[in-house]
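Novice: Predicted model and sequence follow; I will ask about them next.
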Amino acid sequence: MRLLNENNLATRGLSSSLITNMTSDSSNKKKKTFVWVYKDTTRASNDSLATSDRQEQNKRAPMMRTEMIRRQKYELPNRSIGQLVSEQNEQKIGPAFERHQNIRVIVRGGVQNDGDQYLISSFDEINLSEKIAENLRSIRFLWPFAVQRRVIPLILKTNEDLLCLSSTGSGKTGAFLIPIIARLEQFSRSGDRAAAKRRSPKAIIVAHTKELVQQIGKTARIVAKGTGVGVVVMMGSMRYQNVEAQITREGCDVLVSTPGRLRDYIENRVDLDCLQFLVIDEADKFFSDTEFVRVFNVLKEAMDQCGENKSKPCRTLMFSATLDSEEIVEQFLRANFYHVEAGVNQSVSHVQQIVISATVSNNEKAKKLQQILMLNGGTVQNCTKTVIFLNECRRCDRIAIMLAYYGYRAISINGHRTLEQRSNALAQFNAGEYDVLVGTDIIARGMNIPNLTRVILYELPPVHRYEQYVHRIGRVGRMGNVGEAFVFFNPEDSNDLQMAVFLRDQLRLADQQQPKWLDEMVDDQLDWKHYALEIGKVQNALS
């Protein structure tokens with residue numbers, strides 16, 4: 001198998017290109033042509049273009065065109081609620097759904113440690129309006145998930161902050177959107193909304209990627225349809241004028257935003273006089289980011305100033321699937337916050353995890369990758385819908401180029417793409433125009449990809465971001481569907497060796513079979529660590 005090293009295609013300024021096509025010439029001489037599309041400009045490169053002048057031109061032109069595209073602002077697709085509902089309903093309910101509903105949920109905290117008394121078994125128990133109930137039925141939210149049974153009444157019936165730690169795909173987004181929109185609808189019906197400032201959001205939801213912001217915004221629009229609750233989505237690369245116009249036209253009851261753009265709006269355009277809820281989705285990701293902590297502190301300071309004249313303080317609600325220590329977030333929550341926990345820091349058991357030992361030498365990983373894509377009767381032109389995870393943008397492009405070269409319908413998505421390119425790639429993959437999506441962790445957290453049954457971790461996440469393993473695996477197995485996760489382990493890679501103990505622990509927690517070679521490797525590591533510890537004790541005693 002050739003990896004196209006002779007042209008070094010993926011490193012010649014093409015990290016922001018969008019692979020859209022691969023053709024072979026009519027003479028059937030195995031001559032391949034690649035086409036990269038930048039907005040309305042197409043450039044073809046093939047093996048015959050080998051002169052130094054043309055190579056230099058190829059290096060400059062794509063980057064110049066990409067820079068021009070990056071200056072262009074992004075506009076959200078103008079989709080109707082009906083289209084959003086149709087997209088939401090593409091996800092089928094799987095055979096493990098009932099089992100997933102019965103996970104054990106633990107509630108702690110509160111002023112009187114009374115969290116256990118807040119429990120519902122159906123949406124009827126919280127007196128949702130007929131409009132919200134109808135909206136939920138339209139997207140098949142017929143009964144609350146296990147986590148929602150606890151979180152929804154806690155948000156509706158108490159005034160405390162909340163920390164919810166729950167496994168991927170457990171319904172955390174619905175757990176905060178449903179009660180918040182229900183509360184704001186009551187606020188709207190009471191007539192207080194008319195007196196309130198239209199530019200002051202009642203709820204702010206912060207997510208760390210633009211893809212996740214768009215997804216939450218879509219769900220919020222569906223749930224809020226016909227309630228009088230206005231939903232605004234805000235993120236980098238969007239025109240300020242468009243967001244301003246929407247806020248003026250519809251109001252800004254629920255604001256869904258990335259942290260960078262939110263900080264700008266707080267400082268210049270939006271006041272927080274009416275803010276009731278601040279939601280931090282994927283909280284552990286944020287509080288490992290010093291820039292977000294600064295944004296959060298600005299936000300909390302503004303909230304505290306605005307809250308001096310309120311009878312009820314603004315509540316902070318945090319959600320995550322992976323969190324090492326509560327101490328990370330406790331400093332940002334008020335005392336006596338409620339803590340809800342279910343299946344944290346582990347992948348779901350109905351996703352089969354298959355660990356494969358493979359090195360990069362002799363293209364072993366690339367060969368095994370194609371073998372996996374051919375499983376279950378797959379063909380080059382029509383393989384099972386698959387997401388492949390890597391750690392770096394350029395390597396994503398290389399793998400996508402390689403797969404497209406061999407005829408797979410593959411496309412990449414990463415931080416080097418413009419927002420429009422990323423949104424289009426995800427939409428085309430969801431629509432079935434591509435079979436393989438090669439991405440970084442920008443699509444690892446919280447993203448709901450309908451009917452995805454297979455992910456491939458071509459690279460394990462860096463050891464300092466080990467929790468990303470759980471999030472990557474969590475793209476499959478949603479709504480009780482079964483799935484497969486193929487995990488490449490490189491025994492020659494120092495990062496993978498450091499991940500070995502964590503990997504075996506994850507397999508055990510999810511009741512998965514551990515390869516014998518992995519058990520032996522981990523046992524050897526633990527024996528060596530014990531030996532080193534004993535040697536250290538002896539040396540300390542002698543000194």
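Specialist: Structure received.
Novice: For the stretch 301-450 of the chain, give me the ranges with low pLDDT.
Specialist: The model of the stretch 301-450 of the chain has pLDDT under 70 over residues 306-311, 324-328, 343-348.
Novice: Could you pull up the residues touching the residue nearest the centre of the chain?
Specialist: Geometric centre of the chain, nearest residue: residue 445, 2.4 Å, by Cα atoms, centre = their mean. Residue 445 makes contact with 208-209, 212, 282, 285, 321, 468, 471, according to Cβ atoms under 8 Å, 6 or more residues apart in numbering. For every residue, glycine as well, the C-beta is placed using N, CA and C.
Novice: export the residues you listed to CSV and tack on secondary structure, neighbour count and distance to residue 461?
Specialist: CSV is the format used below for the contacts of residue 445 (DSSP: H, G, I helix; E, B strand; the rest coil; neighbours: other Cβ atoms under 10 Å; distance: Cβ to Cβ, whole Å):
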residue, secondary structure, neighbour count, distance to residue 461
208, coil, 20, 16
209, coil, 22, 16
212, helix, 25, 18
282, coil, 22, 15
285, helix, 25, 13
321, coil, 27, 14
468, helix, 21, 4
471, helix, 24, 9
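Novice: How about the secondary structure of the residue nearest to the centre of the chain?
Specialist: Here residue 445 is recorded as coil under DSSP: H, G, I helix; E, B strand; the rest coil.
Novice: Ok, the one 5 residues further on next?
Specialist: On the three-state scheme (three-state DSSP), residue 450 is labelled coil.
Novice: That one: how many residues sit nearby?
Specialist: By the criterion of other Cβ atoms under 10 Å, residue 450 has 16 neighbours.
Novice: so who does it touch?
Specialist: Residue 450 makes contact with 87, 90-92, 430 under the criterion Cβ under 8 Å, 6+ apart.
Novice: quick one, domains of this protein?
Specialist: Listed by automatic domain parsing, the domain ranges of the chain are 81-342, 347-391+440-543.
Novice: of all those, which lies closest to residue 423?
Specialist: Closest approach to residue 423 among the domains of the chain (Cβ to Cβ): domain 81-342, 7.1 Å.
Novice: Can you say which of the domains of the chain is nearest to residue 405?
Specialist: That would be domain 347-391+440-543 among those, by Cβ to Cβ, at 10.8 Å.
Novice: So for stretch 117-126, mean pLDDT?
Specialist: Across stretch 117-126, pLDDT averages out at 91.
Novice: still on that earlier bit, can you lay out the contacts of residue 450 as JSON lines showing distance to residue 502 and neighbour count?
Specialist: Shown next, in JSON lines, are those (distance: Cβ to Cβ, whole Å; neighbours: other Cβ atoms under 10 Å):
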{"residue": "87", "distance to residue 502": "35", "neighbour count": "18"}
{"residue": "90", "distance to residue 502": "33", "neighbour count": "12"}
{"residue": "91", "distance to residue 502": "29", "neighbour count": "17"}
{"residue": "92", "distance to residue 502": "32", "neighbour count": "13"}
{"residue": "430", "distance to residue 502": "31", "neighbour count": "18"}
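Novice: Quick check, residue 466 in contact with residue 502.
Specialist: Yes: in this structure, residue 466 is within contact of residue 502 by Cβ atoms under 8 Å, at 5.2 Å.
Novice: what's around residue 266, how many residues?
Specialist: 19.
Novice: Assign it to one of the three secondary structure states.
Specialist: Residue 266 is classified as helix under three-state DSSP.
Novice: got a list of what it touches?
Specialist: Applying Cβ under 8 Å, 6+ apart, the residues near residue 266 are 272, 298-299, 302.
Novice: Farthest-apart pair in the residues you listed, please.
Specialist: Spanning the widest gap among the contacts of residue 266 are 272 and 298, at 10.7 Å by Cβ to Cβ.
Novice: check contacts around residue 368.
Specialist: Counting by Cβ under 8 Å, 6+ apart, residue 368 touches 356, 358, 488.
Novice: Please tell me how far the first one sits from residue 78.
Specialist: Shown here: residue 356 relative to residue 78, a distance of 44 Å by Cβ to Cβ, to the nearest Å.
Novice: And for the second one?
Specialist: Taking Cβ to Cβ as the criterion, residue 358 is separated from residue 78 by 45 Å.
Novice: quick one: which of the two has more around it?
Specialist: Between residue 358 and residue 78, residue 358 has the larger neighbour count (other Cβ under 10 Å), namely 18 against 6.
Novice: check contacts around that one.
Specialist: Residues near residue 358 by Cβ under 8 Å, 6+ apart: 364-365, 368, 488-490.
Novice: run the last query once more with 10 Å
Specialist: Applying Cβ atoms under 10 Å, 6 or more residues apart in numbering, we find residue 358 in contact with 364-369, 458, 488-492.
Novice: mind listing which of those residues are in strands?
Specialist: With DSSP state E as the criterion, strands contain 488-489 from among these.
Novice: Buried ones only from the contacts of residue 358, please, as a ChimeraX command.
Specialist: Buried members of these, defined by 16 or more other Cβ atoms under 10 Å, are picked up in ChimeraX with:
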select :365,366,368,369,458,488,489,490
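Novice: tell me which of the contacts of residue 358 is nearest to residue 133?
Specialist: Here the nearest of those to residue 133, counting by Cβ to Cβ, is residue 458; it sits at 43.6 Å.
Novice: wouldn't that closest one be in contact with residue 438 here?
Specialist: Yes: taking contact to mean Cβ atoms under 10 Å, the distance of 8.1 Å between residue 458 and residue 438 places them in contact.
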